[in-house]
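**Student:** Next input, structure requested:
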Amino acid sequence: MLDQVFRPCVIGGLTVPHRIVMGAMHLNLEALDDGGAALAAFYTERVRGGAGLIVTGGSAVAPAGSGGPGYGVLDDEKHRSALRLAARAVHEAGGLIALQLFHAGRYALPGAPGAVGAAPLAPSAVYSRFSRTVPRTMTEEQITGTVAAFARGAERARELGFDAVEVMGSEGYLINQFTAPLTNRRDDAWGGDAGRRRRFPVEVLRAVRAAAGPGFPVLFRMSGADLVDDGTPWEETSALAVELAGAGADALAVGVGWHESPVPTVQAQVPAGTWAVYAERVKRALRAAGHGAVPVIASNRFNRLAQAEQALAGGDVDLVAMARPFLADPAIVDKSRRGASASVDLCIACNEACIDRSFGTERVSCLVNPRAGHEREFPARSSPARRGRYAVIGAGLAGLEAARTLAGLGHEVEVYEAADEPGGQFRLAARVPGKADFAATVRQREQELDRLGVPVYLGHRIGVRDVPALRAMDGVVLATGVRPHRPDLPGVDLPHVLDYARAFADPAALGPCVAVIGGGGIAVDLAHLLTGDSSPGPTPEEFLASRAMTAPPGAVPVSRTTAAPAGGSRQLTVMRRGGRIGAGIGPSTRWVVMEELRARGVRLLTDVTYEEITQGGVVVVDKGGERRLVAADHVVLATGQESRREVAAVLRRAEIPFESAGGAADARSLNAVRATAQGLRAAHRIVRRAESPGTGRTR
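**Tutor:** Numbers count the residues shown, from 1 in each chain. Presented below is the predicted three-dimensional model:
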């Protein structure tokens, strides 16, 4: 039951239908030259899926505050037009939308409109490891001008038709930089002690509140914990919350962490609901000061409404903001309301197509939902003039995505998989500690295909005997995946040498000393599997304790130490010829998983040449020319993949039209994000080819 989640709530003069806020996400749609059509389509689909109050990604209140080239700036008429269209579309769909007012400060990245020829602005000239620059110290005139820019942003939000604004004062952006001793080293009216460090956020809120006018809700996103050394102490955080409530904030959303923080906050390794404790502390501080009626919004690492229900039931949180889960499944609210939570496409916190892309210019999307950000290009459902018949060969991620896309477009689909279960290489990842939700993705696909009436034939390897049946189809999507690459290396056929697929299938069969040849994402996942344990992972309390963060309400200490898992007795070496171990893993996640491997004592070798595999291990030569033996009871090959293309030859000879996706298309730099995106696109291409004769037979 989700009794707490589906209670209405009042924020200022605005009644929201339930307690789930769609939190702000920068999408790289905001500055597209399409008049706002893609942005409007993205938000509209979420409203139709049950989203109540949506908070937009940050719109910079001034050019100098833009986070990067993909950000919109409120001084730009084109951006304002796009926002006007998005607000109107949300209202027509029955939703509510708040505009987030944003200033990056020292986090402005190269290419941002206001960063051309000038360093970013900040309270003090403190180097940023995120933007890799030393910012300019803001003058008194620049500070007061920025306060006025936030006020203008609130006026524009009303003019553009928004229902509310949210002031972005968290995650290490400009307002948060003023509150932290680390980045505010001023000794004037805007810094020098706790009260003066709080002045800037309070002045911004007062100006926004005055500009917004009575009855127009103003939310303020504040940092509950900066999670950096010399960040904002808790006593100053709680005092800021009280001042903001007194200055007219209609709700306080509580974020955590900076981009420079050594503590992971949004990765899969962080237990769900970990950060709600900071929102709860804010709520208790408000109650103690007589501001208990001000709603507090918890955020970060919720991917199920049941988790939000638990947080709300405690009574110290009024709403829960979920962002990436709305990328993964636009209908997460409606499905959960209907009691169909098992059919929700869960956010798996991989960050690859969302957070990692948000720091560049590529459209933000989602591994489990590659339509995200491309809603206009790829409609989810249709009623075709003619119902076609299609086969999908392979039930890995690419094939499953192609099958559900074709069925959603109204076509008849059959899926053939050579293995005894679907999921392909994604099944391997689901075995890794901390990645249990990956298995949920495969289960959800199976359930969806069953609901859509799509038969999945397991243990069926396509061959010449199937040609007559395939010729009767309008087209085929080939998603036969990959096989492990076997390098040409002396000793590779010895009995203690096995490929990564066999190692994943039976990790207990490997000895106490293992060497992994290859250092990509698969090798890193395997290293976690071989050195971890089978427990479900830490609780939020255990995670915080492992980071020395268990002492409320004092200052939050920061540590890079991660507790080693129980049973981590296996000696493991991961090696590669060049580059960094795990180089293909997204930047927001790689540092976390590498930190864990080091804490578990995994030996990491790079820039080595493999000479041979012997009974005793792997003989390598390092870049200094030294020859040595890496001892091992078992040697695992994780040296890449090769496309399975045998079926492609069968289809070509039979002149059966097909489109390839995932590993069957190209095994180089293969990852799950690319696989699902190609599955989606291959499905649409094969339909277009069937409906447009003469466009070619094979691909």
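**Student:** count of neighbours near residue 305?
**Tutor:** By the criterion of other CB atoms under 10 Å, residue 305 has 26 neighbours. C-betas here are computed from N, CA, C, even on glycine.
**Student:** Over to residue 218?
**Tutor:** 27.
**Student:** For it, give me the backbone phi and psi.
**Tutor:** phi -120, psi 110 (degrees, to the nearest 10).
**Student:** so it makes contact with residue 164?
**Tutor:** Yes. If you go by CB atoms under 8 Å, residue 218 and residue 164 touch, sitting 7.0 Å apart.
**Student:** residues shared between the contacts of the two?
**Tutor:** 12, 250 (CB atoms under 8 Å, 6 or more residues apart in numbering).
**Student:** Spell out the residue ranges of the helices in the stretch 251-400 of the chain.
**Tutor:** With helices called from DSSP state H, counting those that start in this stretch, the stretch 251-400 of the chain shows them at 276-288, 305-313, 324-328, 332-337, 355-358, 397-408.
**Student:** how close does the nearest residue to residue 528 once chain neighbours are set aside sit to residue 499?
**Tutor:** Excluding the flanking residues, the one nearest residue 528 by CB to CB, 6 or more residues apart in numbering is residue 432, at 5.0 Å. Counting by CB to CB, to the nearest Å, the separation of residue 432 from residue 499 is 17 Å.
**Student:** Which one's more surrounded, the two?
**Tutor:** It is residue 432, of residue 432 and residue 499, that has more neighbours when counted by other CB under 10 Å, with 20 against 17.
**Student:** Model confidence score at that one, please.
**Tutor:** You'll see residue 432 listed with a pLDDT of 91.
**Student:** again with residue 667
**Tutor:** Reported pLDDT for residue 667: 89.
**Student:** Check whether it really touches residue 640, as I assumed.
**Tutor:** Yes. Counting by CB under 8 Å, residue 667 does reach residue 640; the two are 7.2 Å apart.
**Student:** Could you dump the helices of the stretch 251-400 of the chain into a markdown table and include distance to residue 249 and mean pLDDT?
**Tutor:** What follows is the helices of the stretch 251-400 of the chain, written out as a markdown table (distance: least, CB to CB, whole Å; pLDDT from 0 to 100):
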| stretch | distance to residue 249 | mean pLDDT |
| --- | --- | --- |
| helix 276-288 | 10 | 97 |
| helix 305-313 | 20 | 97 |
| helix 324-328 | 24 | 98 |
| helix 332-337 | 25 | 98 |
| helix 355-358 | 26 | 96 |
| helix 397-408 | 42 | 97 |
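**Student:** looking at those helices, which is closest to residue 101?
**Tutor:** Evaluated over the helices of the stretch 251-400 of the chain, closeness to residue 101 peaks at helix 355-358, with 17.9 Å, by CB to CB.
**Student:** helices and strands around the closest one, which ones?
**Tutor:** helix 587-599 (3 or more CB pairs under 8 Å, 6 or more residues apart in numbering; DSSP states H and E).
**Student:** C-terminal to the helix it packs on, what's the next element?
**Tutor:** On the C-terminal side of helix 587-599, the closest following helix or strand by DSSP states H and E is strand 603-605.
**Student:** For whatever helix or strand comes next after that following strand, buried residues please.
**Tutor:** As assigned by DSSP H and E, the chain's next helix or strand after strand 603-605 is strand 609-614. Neighbour-count burial for strand 609-614 flags 610-611, 613-614 (criterion: 16 or more other CB atoms under 10 Å).
**Student:** Direction included, what does strand 609-614 pair against?
**Tutor:** Neighbouring strands of strand 609-614 in its sheet, by DSSP bridges, are strand 617-621 (antiparallel).
**Student:** ok now the strand it pairs with, how far from the chain's centre?
**Tutor:** 38 Å (CA atoms, centre = their mean, to the nearest Å).
**Student:** what's it in contact with?
**Tutor:** So strand 617-621 is contacted by 513, 515, 517, 575, 605, 608-613, 627-632, 635 (CB under 8 Å, 6+ apart).
**Student:** From these, list just the buried residues.
**Tutor:** 513, 515, 517, 575, 605, 608, 610-611, 613, 630, 632, 635.
**Student:** farthest-separated two in those?
**Tutor:** Checking these with CB to CB, the most distant pair is 513 and 611, at 19.0 Å.
**Student:** quick one, strands of the stretch 401-550 of the chain?
**Tutor:** 412-417, 456-458, 475-478, 482-484, 497-499, 513-517 (DSSP state E, counting those that start in this stretch).
**Student:** ah, wrong one, I meant the stretch 51-200 of the chain
**Tutor:** 53-60, 96-102, 121-122, 136-137, 164-169.
**Student:** quick one, domains of this protein?
**Tutor:** According to automatic domain parsing, the chain comprises the domains 9-338, 389-471+643-691, 497-641.
**Student:** Make TSV from those and add distance to residue 361 to it.
**Tutor:** Shown next, in TSV, are the domains of the chain (distance: least, CB to CB, whole Å):
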stretch	distance to residue 361
domain 9-338	5
domain 389-471+643-691	16
domain 497-641	15
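**Student:** worst average pLDDT in those?
**Tutor:** For the domains of the chain, where the average pLDDT is lowest is domain 497-641, sitting at a mean of 86.
**Student:** what about that domain, start to end distance?
**Tutor:** 17 Å (CA to CA, to the nearest Å).
**Student:** again, but for stretch 457-469
**Tutor:** 14 Å.
**Student:** Same question for stretch 259-268.
**Tutor:** OK, stretch 259-268 end separation, CA to CA: 16 Å.
**Student:** any idea which residue sits dead centre in this protein?
**Tutor:** Closest residue to the average C-alpha location of the chain: residue 351 at 2.9 Å, with CA atoms, centre = their mean.
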